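# coordinates for the following, if possible.
(one chain, ligands or ions: 1)
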Amino acid sequence: RVAPPHDALPALKLLRTVIRNPIEVWPQAVYEEPLYRRRLLSRDTVFVMDPDLVRTVLVDEAAKFTKSEAMLRSLEPALGEGLLTADGERWRWQRRAAAPIFRHERILGFVGEMIAAAERRRDAWLSIAGGTVDVAHEMMHTTFDIIVETMLSGRAGIDAGRVERGITDYLESTSWTVALALLRAPRWVPYPGRGRAERARDYLREEVLRIVAARRHSGERRSDLIGLLLEARDPETDRAMSDQDLADNLLTFITAGHETTALALTWTFYLLDLHPEIADRVVAEVATVTAGGPLRPEHVEQLAYTRQVLQEAMRLYPPAPIVVRAAQEDLVLAGERIPAGTSVYVPVYAIHRHVRLWDEPDRFDPERFVPSVVKARHRYAYLPFGAGPRICIGMSFALLEAAAILAVLLPVVRLSRASGRDPDLKLRITLRPGTGLPMRVARRQGR
Ligand code: HEM
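Numbers count the residues shown, from 1 in each chain. Just a heads-up that it's a prediction; the model follows:
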């Protein structure tokens, strides 16, 4: 079906912005109504900005929505039908089986490995003090180290550089795959970088299948993530994961788990350079909690202010700046009829900077996350990890990991932007600094 001419112009504009920088997709009008509606490429699309409506979509009526087709078409070829991409019963049993592994108390057992990886990064930085590093790249490496260490008890022969390039290549291609899915183009349509993205995807999948097979074959029992997943059972049906299920989920944890946390840290370092007084407070907190000694796993949970800093950084720069669903049936939202098939966007980035929800929304202020202030706010005005049944399963993992990394690095180094330029925002499913974040590394005074 050919879209009517009045539909074509916004559609082309959308396509251009999707490819360039879709953070600009939501127009100013989005901020004015609780539900902003528009026909794009002859599809119904709504943006949900009101926290009560966010709750309806993601929590209360979550069963009436599935993951969006454009997102699935972009991610499924790489991640198969793991937790992030599956829907319906397939998602439900995997979530039931994996949930105990990601419980906060269980994740506490991994904090020692998180600290050790951060200390390796700290030592590498101290050895080049005075030099410049791309913090985005360095954080990807650090969180990659942590995910493979906690998931596989070591590298298991994985080439970290190749994985990182592979994930970047693959994510780059998603701007095209999302746009082509919105245009309903057939899957065979070529696009720039397709070959590279497919090679990256194949490499990652082969590596992970090799590791799963090796672990099954060895019969070795370990309490790393792969070991726990091998033993995981759906408490309702006692179903265990097949090799494909395991590969899908390990790839999901590698991809969803390390890139997002690295970006949360990258944006935090950027903001702390703009606000050295806040960095000083983090350093003071770490000194108090550790009594001047080395950081130990049990300290990390006590770093309340450090955590507030991370939460506020994820408000201004949510690593996952948009959550998308598709309505599975006709329904009514804010008094408007929403036909089945409508794409429902929850523009997390825009909600986090909405003037009706936040005082001076562009100001970096960790005091917004003091518990009493959080209590007084609408629960669904802040969504860095999504909400409802599909809330990020790795939330505790990510928060402990990010706090551990900051608490190891910040007391010994000071990072300042090398170019003095603000990074561009680039959306490739996640929110990245356009050309990385080069920063100069200096020893913090007294170290
Ligand atoms: C889901 C954000 C870290 C694994 C999600 C969702 C968001 C998110 C917004 C919901 C997507 C939706 O509803 O469509 C983040 C951020 C992180 C982070 C901002 C770091 C700061 C992690 C880590 C892991 C992980 C460390 C694993 C080790 C997952 C998985 C899902 C998910 C498996 C799908 C859950 C489901 O649908 O049941 N994440 N994430 N994430 N995340 Fe995270």
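# neighbours around Ala129, how many?
15 (other C-beta atoms under 10 Å). Yep, even glycine has a C-beta here, placed from its N, CA and C like the rest.
# quick one: it from Val441, how far?
When distance is defined by C-beta to C-beta, to the nearest Å, Ala129 is 6 Å away from Val441.
# joint contacts of these two?
With contacts taken as C-beta atoms under 8 Å, 6 or more residues apart in numbering, the residues that reach both Ala129 and Val441 are Val413.
# who in the stretch 251-400 of the chain is up against the ligand?
With C-beta under 6 Å from any ligand atom as the criterion, the stretch 251-400 of the chain meets the ligand at residues 252-253, 256-257, 260-261, 264, 319-320, 323, 384-386, 390, 392-394, 397-398.
# switch the cut-off to 8 Å
Within the stretch 251-400 of the chain, the residues that sit near the ligand (C-beta under 8 Å from any ligand atom) are 252-253, 256-258, 260-261, 263-264, 314, 318-320, 323-325, 348, 383-395, 397-399.
# residue of the chain nearest the ligand, please.
Residue nearest to the ligand within the chain: Gly394 (2.2 Å; C-beta to the nearest ligand atom).
# what residues are up against that residue?
Counting by C-beta under 8 Å, 6+ apart, Gly394 touches Phe102, Phe253, Ala256, Gly257.
# the third one: neighbour count?
The criterion is other C-beta under 10 Å. On that basis, Ala256 has 26 neighbouring residues.
# can you give me phi and psi for it?
For Ala256, the backbone dihedrals (degrees, to the nearest 10) come out as phi -70, psi -30.
# that one against Leu84, yeah?
Yes. In this structure Ala256 lies within contact range of Leu84 using C-beta atoms under 8 Å: 5.5 Å.
# quick check, central residue of the chain?
In the chain, the centroid-proximal residue (C-alpha atoms, centre = their mean) is Thr260; its distance is 3.4 Å.
# skipping its backbone neighbours, what lies nearest it in space?
Excluding its sequence neighbours, the residue lying closest to Thr260 (C-beta to C-beta, 6 or more residues apart in numbering) is Pro319, at 4.1 Å.
# Three-state assignment for Met241, please.
Using DSSP: H, G, I helix; E, B strand; the rest coil as the criterion, the local structure at Met241 reads coil.
# repeat that for the one 5 residues further on.
Assigned state for Leu246: helix (three-state reduction, three-state DSSP).
# apart from its chain neighbours, what residue comes closest to it?
Leaving aside its sequence neighbours, Leu246 sits nearest to Val212 (C-beta to C-beta, 6+ apart; 4.9 Å).
# give me the phi and psi angles of Arg417.
According to degrees, to the nearest 10, Arg417 has phi -60, psi 130.
# returning to what we had before: and the buried ones among the contacts of Gly394, selectable in PyMOL?
Per 16 or more other C-beta atoms under 10 Å, the buried members of the contacts of Gly394 correspond to this PyMOL selection:
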select buried, resi 102+253+256+257
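# what's the farthest-apart pair in the contacts of Gly394?
Phe102 and Ala256 (11.8 Å; C-beta to C-beta).
# any idea how far Thr255 is from Gly166?
The spacing between Thr255 and Gly166, counted by C-beta to C-beta, is 10 Å.
# got the contact list for the residue lying closest to Phe65 once chain neighbours are set aside?
What sits nearest to Phe65 in space, not counting adjacent residues and going by C-beta to C-beta, 6+ apart, is Arg325, at 3.8 Å. Contact partners of Arg325, counting by C-beta under 8 Å, 6+ apart, are Val57, Leu58, Phe65, Thr66, Lys67, Ser68, Ser343, Val344, Val346.
# could I get those as CSV with distance to Arg239?
Putting the contacts of Arg325 into CSV (distance: C-beta to C-beta, whole Å) gives the following:
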residue, distance to Arg239
Val57, 29
Leu58, 26
Phe65, 25
Thr66, 21
Lys67, 22
Ser68, 27
Ser343, 32
Val344, 31
Val346, 31
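# quick one: contacts of stretch 384-393?
Counting by C-beta under 8 Å, 6+ apart, 54-55, 58-59, 62, 83, 91, 95, 98-99, 102, 256, 264, 311, 314-315, 318-320, 323, 348, 352, 379-380, 395, 398 sit against stretch 384-393.
# from these, which ones fall inside strands?
Counting by DSSP state E, the contacts of stretch 384-393 place Val323 in strands.
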